[in-house]
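Asker: can't give you the sequence, but here's the structure:
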DNA sequence: TTTTGAAAGTGGTCTGACCACTAATCCTTC
DNA sequence: GAAGGATTAGTGGTCAGACCACTTTCAAAA
């Protein structure tokens, strides 16, 4: 019988250990030799597990110092898979489309809620009037305002994974369009808001925005 | 100066090798010993790289046989995202809502495509008329027909984590509703299709479906 | 011809040995 | 006593070699 692989056990055992001992990001993890003894396996097996976690960005290792639990914001699996999968254009298309799904759903959600009456909403309006407004901020604020944190996280990861179409700063020519979107949302006119939003983002995605950059 | 880690080089070298030698999914990769010799590194270093790729689902290893390039559909992007993201976002409500987002997006996509003219579509109609039609099958078929595999994967996962609201068999009383949905989709009337679908699923989610079960 | 089993090749694991690096410690020197 | 340099213990990084468990292959035996 093909036995389950040990290093996979190690991966999950380490996850449990981190959870039980309440190890926080930045904290040190027991050394490879300690772990090997504690879990009664060879050091090479421990290393195979640790290298996997490191590649995912879940831990950081510093020679001479030790191994540390990484900042969750540094999780890397997205970029990594990207290098392998991105060649498949269809997949990239799926990523973009799925991002769009979450974005339009967010707008829809804001329209059917009272989110556009919150103080955060006002600050968004103000910043749109000011200088140095990053495109990504605009979309992210919308995602946040939708109130669905899971959707927000998925969107965030997809953005990294599929190459961020919202890179760069909002150009003066774009502002009227964005203002229209906000206005439509305030009037709870989801249809118009989504149509305008798609118009804006499709220009960015197709890279036809040299006019703006 | 802290040297860059060898096993990371191996990871990218292997990616290049796979690309250059046109190794296809399912094909065999050189053995660990061969790779070690070819790349002039120790076998354990090779293994650390391979184990990382395996955890990502990019390769499969079978003891006694060898290492194989994995089917891209088996890539673990979503699964890994799940284990590390969903844990702090388990709000059932968010999961359900996000499922719904993907479902309505799928219906929207089918309506604006020719998917409802495919033979698969016919079989879906037929099965709805027959016996033993599982609710989940209905929704899954819609997700598949949308053509967005990433969205399908995410939906699949959410279903596992959020508790499957589409458990069980379609009751006779539900069939007219489902038929209406299909009909609306055929007529490319997304609005009606989505409204009816939401009506159906909300009953299931709220657990008010004792009438049907 | 069919069956058996030995051999070769593969991944899985362990051990022990270095190397490169860091941080704490001790010891010299001022 | 304080400052600075050398020593040392501990860490991750890598390698080589040895087994083990498993699969496939193929030649010898029935």
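Answerer: Here it is on my side, so go on. Keep in mind that this is a model prediction, so the values were computed, not measured.
Asker: Stretch A:94-108 close to chain B?
Answerer: Yes - Stretch A:94-108 reaches chain B (CB under 8 Å from any CB of the partner chain) through A:94, A:95, A:97, A:98, A:101, A:102, A:104, A:105. No exception for glycine: its C-beta is placed from N, CA and C like everyone else's.
Asker: Name the next helix or strand downstream of the helix or strand bottoming out on mean pLDDT in chain A, please.
Answerer: When the helices and strands of chain A are scored by mean pLDDT, DSSP states H and E, helix A:77-85 comes last with a mean of 58. Using DSSP states H and E, the helix or strand that follows helix A:77-85 towards the C-terminus is helix A:89-111.
Asker: hmm, who's touching whichever helix or strand comes after that next one?
Answerer: Next along the chain after helix A:89-111, taking DSSP H and E as the criterion, comes helix A:119-129. For helix A:119-129, contacts defined as CB atoms under 8 Å, 6 or more residues apart in numbering or on different chains pick out A:115, A:133, A:137, A:138, A:141, A:144, A:145, A:170, A:175, A:178, A:179, A:182.
Asker: so the third one is in which element?
Answerer: By that I understand residue A:137. For residue A:137, the element it lies in under DSSP H and E is helix A:135-145.
Asker: Which strands and helices lie in contact with the helix or strand just after that helix?
Answerer: For helix A:135-145, the succeeding helix or strand toward the C-terminus, using DSSP H and E, is helix A:149-161. Here helix A:149-161 touches helix A:77-85, helix A:89-111, helix A:135-145, helix B:77-85, helix B:92-111, going by 3 or more CB pairs under 8 Å, 6 or more residues apart in numbering or on different chains; DSSP states H and E.
Asker: To DNA strand D, which of those helices lies closest?
Answerer: helix A:77-85 (16.9 Å; CB to the nearest atom of the strand).
Asker: Out of the residues of stretch A:94-108 next to chain B, which comes closest to residue A:162?
Answerer: Proximity of the residues of stretch A:94-108 next to chain B to residue A:162 was ranked by CB to CB; the top entry is residue A:95 with 3.5 Å.
Asker: In contact with the residue nearest to the closest one when sequence neighbours are not counted, which residues?
Answerer: Take residue A:95 and drop its neighbours on the chain: the residue closest to it by CB to CB, 6 or more residues apart in numbering or on different chains is residue A:162, 3.5 Å away. Counting by CB under 8 Å, 6+ apart, residue A:162 touches A:82, A:92, A:95, A:96, A:99.
Asker: Out of the residues you listed, grab the one that's most surrounded.
Answerer: Using other CB atoms under 10 Å in any protein chain shown as the neighbour test, the contacts of residue A:162 are led by residue A:99, with 26 neighbours.
Asker: With adjacent residues omitted, what lies nearest to it?
Answerer: Residue nearest to residue A:99 in three dimensions, not counting chain neighbours: residue A:158, with 4.8 Å by CB to CB, 6+ apart.
Asker: List the residues that contact residue A:42.
Answerer: With contact taken as CB under 8 Å, 6+ apart, residue A:42 is in contact with residue A:36.
Asker: Report pLDDT for it.
Answerer: As summarised for this prediction, residue A:42 has a pLDDT of 94.
Asker: Spell out which residues make up each domain of chain A.
Answerer: A:6-74, A:77-211 (automatic domain parsing).
Asker: quick one, which of those domains is nearest to residue B:24?
Answerer: Among the domains of chain A, the nearest to residue B:24 by CB to CB is domain A:77-211 (12.6 Å).
Asker: How far off centre is that closest one?
Answerer: How far domain A:77-211 lies from its chain's middle: 13 Å, per CA atoms, centre = their mean, to the nearest Å.
Asker: Flag every buried residue along whichever strand or helix holds residue A:204.
Answerer: If you go by DSSP H and E, residue A:204 is part of helix A:190-205. Neighbour counts over helix A:190-205 (16 or more other CB atoms under 10 Å in any protein chain shown) mark A:190, A:193, A:194, A:196, A:197, A:200, A:201, A:203, A:204, A:205 as buried.
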